[in-house]
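*Asks:* Here is my input, please return the structure:
(one chain, ligands or ions: 1)
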Amino acid sequence: MASYTLPAHFWDAAEQFATLLLQYNQTHNISGAKTKEAVMKNIEDSIYPLQFLHVTTMKRGIDVGTGAGFPGLLLALALPHMHFTLFEPIAKKSAFLHLAKSALELYNVDVCTNRVEKAPSFEADLISSRAVTNTKVLIKLCHNFIAPHTTLLFYKGEYVEEEIKGLSNCHVYQRDKRYYLIMEQVNVA
Ligand SMILES: C[S@@+](CC[C@H](N)C(=O)[O-])C[C@H]1O[C@@H](n2cnc3c(N)ncnc32)[C@H](O)[C@@H]1O
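*Replies:* Numbering: from 1, shown residues only. Okay, here's the model as predicted:
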């Protein structure tokens, strides 16, 4: 298992993010997380799988369907040596991502207000996605970003085993009702 130490300022910045989201959510309703406790739970969920990844050599990450920031914005905060592109096509959500990026001075983040399959592609080292669509559809949507060395990190629910039938190089780590699916050497042919 890999281990990863969060930057010293991580939890202070995460608190700032939570305050910002709760404020924005009151008028724009972009997230089901309406309390500080719920936001902090989502933050913990976002960074929990870092302990299973070898992130030190990774440079570029994308997050598909970032919504109000989970997990991509928190991964960017946790991994300052990487550059993240966050794909979120809904304007009021991507406006919040822009706001959070500047409030937290996240220079390692780009926000792309577009569907991932419509955006110009590049080879990513890490592709994350939480609560967007099923695994095989996700792989198809972001296939242009997948190279032989790319690691996929999908935050899944109880149907994960069903979703990965027929796929190889899958590792699933369970924590309560959350299943973290990590895939390597994904065949996109
Ligand atoms: C249920 S929300 C999940 C948001 C966030 N990942 C979370 O876990 O809280 C799904 C998000 O995926 C976005 N989405 C759906 N299809 C997408 C696509 N093809 N490319 C990028 N984003 C997409 C939606 O706009 C929506 O904000």
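*Asks:* Which residue is the nearest non-sequential neighbour of A76?
*Replies:* Sequence neighbours aside, F84 is the residue nearest to A76 in space, at 4.2 Å (criterion: CB to CB, 6 or more residues apart in numbering). Just so you know, the C-beta spots here come from the backbone N, C-alpha and C atoms, and that holds for glycine as well.
*Asks:* check contacts around the one you found.
*Replies:* Shown in contact with F84 (CB atoms under 8 Å, 6 or more residues apart in numbering): 60-63, 72-73, 75-76, 108-110.
*Asks:* again, but for K59
*Replies:* Contacts were defined as CB under 8 Å, 6+ apart; by that measure K59 touches 81-83, 125.
*Asks:* same thing but at 10 Å, please
*Replies:* Remark: with contacts taken as CB atoms under 10 Å, 6 or more residues apart in numbering, K59 is in contact with 81-83, 123-126.
*Asks:* which of these tops the neighbour count?
*Replies:* When neighbours are counted by other CB atoms under 10 Å, A124 leads those with 26 neighbours.
*Asks:* which ones are touching that residue?
*Replies:* For A124, the contacting residues are 58-63, 82-85, 142, 144-147, 149-152, by CB under 10 Å, 6+ apart.
*Asks:* Recalculate using a threshold of 6 Å.
*Replies:* Under the criterion of CB atoms under 6 Å, 6 or more residues apart in numbering, the neighbours of A124 are 60, 62, 145, 150.
*Asks:* now do S46
*Replies:* Shown here is S46, whose contacts under the criterion CB under 6 Å, 6+ apart are 70-71, 74.
*Asks:* And L141, by the same measure?
*Replies:* Going by CB under 6 Å, 6+ apart, L141 touches 116-117.
*Asks:* 10 Å instead?
*Replies:* Contact analysis of L141 by CB under 10 Å, 6+ apart lists 64-65, 87, 115-118, 127, 129, 132-133.
*Asks:* closest to K34 among these?
*Replies:* Distances from the contacts of L141 to K34 were compared by CB to CB; the smallest belongs to G65, at 19.9 Å.
*Asks:* Could you report the neighbour count for the closest one?
*Replies:* 22.
*Asks:* about what we covered before: format the contacts of S46 as CSV; extra columns: pLDDT.
*Replies:* Formatted as CSV, the entries for the contacts of S46 read as follows, by pLDDT from 0 to 100:
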residue, pLDDT
F70, 98
P71, 98
L74, 98
